[in-house]
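Colleague: Everything below, folded, please.
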Amino acid sequence: GGLQGAALEGDCEQFCGTIYDAVWAAAVGISRVGVAADGSVDKGALLEAIRNVTFEGATGWVRFDGETGERDTAGQPLLIKNFRAVSRRAGRALEAVTTW
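Modeller: Numbering: from 1, shown residues only. The predicted structure follows:
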């Protein structure tokens with residue numbers, strides 16, 4: 001995974017990193033819970049799984065408060081990442097340039 005492999009269609013705008021991290025949180029949750037033969041997912045188990053994910057995303061460390069479900073930012077240092085658009089065959093992608 002990682003942002004370097006993410007192909008983007010159109011302009012990224014201000015919410016791209018947040019959306020990217022939300023999709024990753026959902027994907028990690030689904031991978032932990034699994035999908036039934038009929039394509040369904042146990043929503044309660046998925047919610048619990050997402051509340052327990054932790055990963056370094058496009059917007060910094062992603063983790064959630066187990067009680068409220070809100071993103072937990074306590075104790076996180078400010079992380080600034082600089083990205084640049086790079087050409088890919090299927091569209092545009094971002095590449096990390098620097099992190100402070």
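Colleague: Need phi/psi at the spatially closest residue to Val53 that is not a sequence neighbour.
Modeller: Nearest residue to Val53, sequence neighbours excluded (CB to CB, 6 or more residues apart in numbering): Val28, at 4.7 Å. Where you see a C-beta, it was placed from the backbone N, CA and C, and this is true even at glycine. Main-chain dihedrals, Val28, degrees, to the nearest 10: phi -60, psi -40.
Colleague: How many residues are close by Val28?
Modeller: 18 (other CB atoms under 10 Å).
Colleague: Glu56 too?
Modeller: 13.
Colleague: Now do the SS call for it.
Modeller: Here Glu56 is recorded as strand under DSSP: H, G, I helix; E, B strand; the rest coil.
Colleague: who are the neighbours in contact with it?
Modeller: Residues in contact with Glu56, defined by CB atoms under 8 Å, 6 or more residues apart in numbering, are Val62.
Colleague: Show me the beta-bridge partners of it.
Modeller: In this structure, Glu56 bridges to Trp61 when assessed by DSSP bridges.
Colleague: any idea how far Asp72 is from the closest residue to Thr54 other than its chain neighbours?
Modeller: Nearest non-adjacent residue to Thr54, counting by CB to CB, 6+ apart: Arg63, 4.4 Å away. Arg63 sits 5 Å away from Asp72, going by CB to CB, to the nearest Å.
Colleague: Same check on Val33?
Modeller: Separation of Val33 from Asp72 (CB to CB): 21 Å.
Colleague: and the one helix or strand the residue nearest to Thr54 maps to, average pLDDT?
Modeller: Assigned by DSSP states H and E, Arg63 belongs to strand 60-63. What strand 60-63 shows for mean pLDDT is 87.
Colleague: Name the surrounding residues that touch it.
Modeller: Asp21, Trp24, Ala25, Val53, Thr54, Phe55, Glu56, Arg71, Asp72, Thr73, Gln76, Leu79.
Colleague: Mind giving me the packing neighbours of the helix or strand in which Gly29 is found?
Modeller: Using DSSP H and E, Gly29 falls within helix 16-33. Counting contacts by 3 or more CB pairs under 8 Å, 6 or more residues apart in numbering; DSSP states H and E, helix 16-33 is packed against helix 43-51, strand 54-57, strand 60-63.
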